[in-house]
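In: Coordinates for the following, if possible.
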Amino acid sequence: MPVITYNPGLLGASRRSRQNPLVTSSIRKRLFGSALLGIAIPLLAGCGAAARSAVQGNSALSITPGISTLDTNCTGCNATNNRGEPVHRLAALLANGSQAAVTWSVSGGDRIAGPGRIDAEGRYTPPGYLTADHADVLVTARLASDSQVAATARLTITPGFLQPLTPENAALGPGGTLTVSGKLAIAGGETGIHFGLQTGSETAATNAGALSVPSCEHSEKAFTTCSVTYTAPASIPGNSVVYVIAHAAGPGGSSSQTKTAILLNAAGVTSNPVLHQGLLPTSMPLGGSGGNNGDFDAHGSTIADCCSGTLGALVADNAGRQYILSNNHVLARSDHAAVGDAIVQPGLIDNNCTPNGAGPGTVPVASLFAWAPLKANGTNVDAAIAQVASHTVDESGKIMELGARQPDGLLAAASPGVSSSNGRGESATLQMRVAKSGRTTGLTCGAISAIDVDMAVDYFSDCAETRPYLSKVFTNQIAISGDRFSDAGDSGALIVNTANAEPLGLFFAGGTDPQGVGQAVANPAPDVLNELAAAAGGGLTFSYVGGADHPVSCVNYGNSTVRRAQMLALSDAEIQRSQQALFNARELVSPANGILGVGMGKSSDQPGTAAVLIYIADGEKQPIPATIDGVRTVVISATPEQVALGAAPLDNGESAVTLTPAALNRALRVKQQIARGLMRGNKAFFGVGVGQSLDNPREPALVIYVNRNLLPSNLPQSLGGIRTRYLVMDRLHVTRSYATGISSPRHCMPHHADSGEWVRPRGIDFP
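Out: Numbering: from 1, shown residues only. Presented below is the predicted three-dimensional model:
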């Protein structure tokens, strides 16, 4: 894609912040759910002199690589650990080139954050932040058999991004403006951010809009923040996406990158998720930042990090009392809360990790009432409710941006539709267009990509996700797919049908696949009410608070699943396989029977693998084999003229084909027979549901989620006679996926629990 680069050199004059010295990141907690903040701070090590080698010139022992440049996100790192996190792997070699048995150590580094850490296998992780433009770390390896023999390697650490840009996504009409901000993991120094524009595939570079001169704020007690203003073109013919790209460049070329997606739309809709993250007015709408007032990690009197999510919707019991609905892991801290806990707005992630009572910035809006316990075997939802405090929440259940476009381009708040279901919610169907309004990505739209999903989700008992709590398998869940549909901090958002705003589900987990497409999972809306009633007891029943059904103004960034799968290059072995299969596939060609031609192509059900393209006449229903000679088939409607001229499409794009009930039911039966055994038999498979084949949308597919760190050598192309579609990605848990541009979550700067001052940790090892 064309790139418009803006390189101002030093990004404006350095300015000292005159605001609260604690500028906390607003990234993430639990995937997708509660967003999480804080910096992982190692036990502070004093800056030391370089270790001496007993053998000059390292003739007996050497370290490879000897010199490296990394950033705090581990951009430039060369390996991953067993959790899929980036690490820099170093090796100690003897003079003959064989691996040496050594003890590893690190010294030097940042004066506050230390040198980072290295394990016994030579896997190095940089410190979470810096207090200078760069830090030099000395890695030392000493022979286990003779500690006098040592070798050293030098690492230069530069600041990486603390979080994705804010906002991560937005919508603008012609001439609209948007301020985009980024935070670097550096307190002090003069390092800034380089901004630029990148166009989407449908937007000409000359019509991408413009960026202002950036400005940066530096402080010794706050992370560096840089901002730039984007202005949309005066004329927008249709819908397209433009990206504001941010680079944090360091010495030696190490540079992490993140970007904001801006949906340019001729309708003039303006949508900015930042509005969901601040303190909302009294009688607030839902869909904004919130969470448990005690959802933070403390070490003594020091708060190291915190987490929150979305206050999703309003429900009422059969006595007329109203409650805020969100996830268990947002309101009840994954089973670790107590009835009566204060629920605050905004969440702690948007208030410097400062709880209500320890400083200003949040308002108690509800008290925790009941939750479906995750630990219980019979629980099948991640849900909790908190009884609303007087005059804090809009009594009609309005949700931010769920209404129509206003004259200024903003979307009005509106109640969900409840008139069709009498407040019980609807059942989801494949390809149904859905919307959600959440803390991090605001109002976004996607489509139901799978139903009856069994999904294993990981939970932790702390915000930093260092203490695993449990891994739970949910059944009969809803999967949603779409670019920019959701992200960390959106947990607890209500999923609604865009046609009538009726509740469909409660979003609780998700991730991003290697093609960059968001994959979300939600509890079915009726199940949420039923299980909360069982948890609350006392004969209570619940219903969604709302009004008449109405359409939702969809902010849709599209779905690039097929396009990105088709962009992947095939290996020589895959090309050879498809060539061999193509020879036999030619025997299928019969224009009289509606099979117009064949060709070589790529599978979208299993990205990176070859396929045989089979062109059929529009409306042709003759069955086509799922594979030919072990190679997947892609079935595409075309005209004889397109095939004859070589102008037929190479994929099915976003197909509008609807599965027949018989085909869907057949796939559901097979899924129910094989899902449990598949997931128990191989830890690589962490989810199974029923969706639609991308290679042949006329057929269903078993949608199988595969851990990319445990990828099996063989993935079956069909199971029980049903096509398979694979999503190879990180295991879902309620935090951000490692497949994104920001490699690791960051937290708030450690500060005292009862003040806003930054407390420099002494003698404490923060995980």
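
In: Sort out which residues of the biggest strand by length in the chain are buried, please.
Out: When the chain is parsed with DSSP state E, its longest strand is strand 442-460. Neighbour counts over strand 442-460 (16 or more other C-beta atoms under 10 Å) mark 442-460 as buried. Any C-beta I mention is one placed from the backbone N, CA and C, and that applies to glycine too.

In: Next: stretch 131-138.
Out: Using 16+ other C-beta under 10 Å as the test for burial, stretch 131-138 gives 131-132, 134-135, 137-138.

In: Stretch 557-569 too?
Out: Applying a neighbour-count criterion of 16+ other C-beta under 10 Å, one finds 557-566 buried in stretch 557-569.

In: Packing partners of the helix ranked longest in the chain?
Out: The longest helix of the chain (DSSP state H) is helix 661-681. With contacts defined as 3 or more C-beta pairs under 8 Å, 6 or more residues apart in numbering; DSSP states H and E, helix 661-681 has these neighbours: strand 442-460, strand 685-692, strand 700-707, strand 718-719, strand 722-729.

In: if you set the cut-off to 7 Å instead, what comes out?
Out: Helix 661-681 sits against strand 442-460, strand 685-692, strand 700-707, with contacts defined as 3 or more C-beta pairs under 7 Å, 6 or more residues apart in numbering; DSSP states H and E.

In: Could I get those in JSON lines, plus columns for mean pLDDT and distance to residue 586?
Out: Shown next, in JSON lines, are the helices and strands packed on helix 661-681 (pLDDT from 0 to 100; distance: least, C-beta to C-beta, whole Å):
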{"stretch": "strand 442-460", "mean pLDDT": "96", "distance to residue 586": "34"}
{"stretch": "strand 685-692", "mean pLDDT": "97", "distance to residue 586": "28"}
{"stretch": "strand 700-707", "mean pLDDT": "96", "distance to residue 586": "26"}
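
In: so which of the ones you listed comes closest to residue 610?
Out: strand 700-707 (17.9 Å; C-beta to C-beta).

In: Within the sheet, what are the partner strands of the closest one, with directions?
Out: If you go by DSSP bridges, strand 700-707 pairs up with strand 685-692 (antiparallel), strand 722-729 (parallel).

In: Single out the most deeply packed of those strands.
Out: When the strands paired with strand 700-707 are scored by mean count of other C-beta atoms under 10 Å, the highest mean neighbour count falls to strand 685-692 (a mean of 26).

In: Not counting that one itself, show me its contacts.
Out: Residues from elsewhere that reach strand 685-692 (C-beta atoms under 7 Å, 6 or more residues apart in numbering): 430-431, 449-456, 479, 659, 664, 667-668, 671, 675, 678-679, 700-707, 725, 731-732.

In: quick one: low-confidence parts of the stretch 601-750 of the chain?
Out: Applying pLDDT under 70 to the stretch 601-750 of the chain flags the ranges 733, 735-750.

In: again, only using 90
Out: The stretch 601-750 of the chain contains residues with pLDDT under 90 at 618-623, 653-657, 708-709, 713-714, 729-750.

In: Same check on the stretch 251-400 of the chain?
Out: Scanning the stretch 251-400 of the chain for pLDDT under 90 picks out the ranges 251-258, 282, 298-305, 352-353.

In: go with 80
Out: Within the stretch 251-400 of the chain, the stretches with pLDDT under 80 are 251-256, 301.

In: For it, which segments are assigned as helices?
Out: Applying DSSP state H, counting those that start in this stretch to the stretch 251-400 of the chain gives helices spanning 328-331.

In: sorry, back to before: dump the buried residues of stretch 557-569 to a markdown table, plus secondary structure and pLDDT.
Out: Shown next, in a markdown table, are the buried residues of stretch 557-569 (DSSP: H, G, I helix; E, B strand; the rest coil; pLDDT from 0 to 100):
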| residue | secondary structure | pLDDT |
| --- | --- | --- |
| 557 | coil | 89 |
| 558 | coil | 87 |
| 559 | coil | 89 |
| 560 | coil | 89 |
| 561 | helix | 91 |
| 562 | helix | 93 |
| 563 | helix | 90 |
| 564 | helix | 90 |
| 565 | helix | 92 |
| 566 | helix | 93 |
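
In: Save those as CSV, and put in distance to residue 297 too.
Out: Formatted as CSV, those follow (distance: C-beta to C-beta, whole Å):
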residue, distance to residue 297
557, 33
558, 37
559, 36
560, 36
561, 36
562, 41
563, 40
564, 36
565, 39
566, 43
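
In: Closest one to residue 377 out of those residues, please.
Out: Among the buried residues of stretch 557-569, residue 561 lies closest to residue 377 (C-beta to C-beta), at 34.3 Å.

In: Need the nearest residue in space to the closest one, chain neighbours excluded.
Out: Sequence neighbours aside, residue 517 is the residue nearest to residue 561 in space, at 4.9 Å (criterion: C-beta to C-beta, 6 or more residues apart in numbering).

In: now swap in residue 675 and tell me
Out: If the residues on either side of it in the chain are set aside, residue 675 comes closest to residue 688, at 4.1 Å by C-beta to C-beta, 6+ apart.

In: now the one you found: how far from residue 663?
Out: Distance from residue 688 to residue 663, counting by C-beta to C-beta, to the nearest Å: 18 Å.

In: Which member of the buried residues of stretch 557-569 is positioned nearest residue 493?
Out: residue 557 (16.0 Å).

In: Would you confirm that that closest one contacts residue 260?
Out: No - the pair residue 557 / residue 260 is not scored as a contact, 11.5 Å apart, by C-beta atoms under 7 Å.

In: Any chance you could list residues touching both of those two?
Out: By C-beta under 7 Å, 6+ apart, residue 557 and residue 260 have these common neighbours: residue 169.

In: measure residue 261 to residue 508 for me?
Out: 23 Å.

In: ok, which stretches of the stretch 351-500 of the chain are strands?
Out: Using DSSP state E, counting those that start in this stretch, the strands of the stretch 351-500 of the chain run over residues 363-371, 384-388, 433-438, 442-460, 468-482, 494-497.

In: Compare those strands and give me the one nearest residue 313.
Out: Across the strands of the stretch 351-500 of the chain, residue 313 has its closest neighbour in strand 494-497 (4.1 Å, C-beta to C-beta).

In: and the closest one, how far from the chain's centre?
Out: 19 Å (C-alpha atoms, centre = their mean, to the nearest Å).

In: Quick one: mean pLDDT over that strand.
Out: The pLDDT scores in strand 494-497 average 98.

In: Show me what the helix or strand following it pairs with in its sheet, parallel or antiparallel.
Out: Going down the chain from strand 494-497, the next helix or strand is strand 503-512, by DSSP states H and E. Strand pairing for strand 503-512, determined by DSSP bridges: strand 494-497 (antiparallel), strand 518-524 (antiparallel).

In: quick one: average pLDDT of strand 503-512?
Out: Across strand 503-512, pLDDT averages out at 94.

In: Looking at the buried residues of stretch 131-138, which are in helices?
Out: Using DSSP H, no member of the buried residues of stretch 131-138 falls in helices.

In: which stretches of the stretch 401-550 of the chain aren't confidently modelled?
Out: Looking at the stretch 401-550 of the chain by pLDDT under 80, you get 514-516.

In: change it to 90
Out: In the stretch 401-550 of the chain, residues with pLDDT under 90: 463-466, 488, 510-518.

In: Same check on the stretch 51-200 of the chain?
Out: Judged by pLDDT under 90, the stretches of the stretch 51-200 of the chain that qualify are 51-60, 73-76, 80-86, 128-129, 161-164, 188-191, 198-200.

In: now the strands: where do they sit in it?
Out: Secondary structure of the stretch 51-200 of the chain (DSSP E, counting those that start in this stretch): strands at 61-64, 67-71, 79-80, 86-89, 91-94, 102-108, 117-118, 123-125, 135-143, 150-158, 169-172, 177-184, 194-199.

In: Now distance to residue 376 too, for these, in CSV please.
Out: Output for these, formatted as CSV (distance: least, C-beta to C-beta, whole Å):
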stretch, distance to residue 376
strand 61-64, 51
strand 67-71, 43
strand 79-80, 34
strand 86-89, 36
strand 91-94, 47
strand 102-108, 44
strand 117-118, 37
strand 123-125, 36
strand 135-143, 47
strand 150-158, 45
strand 169-172, 36
strand 177-184, 39
strand 194-199, 47
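
In: That concludes my questions; thank you for your assistance.
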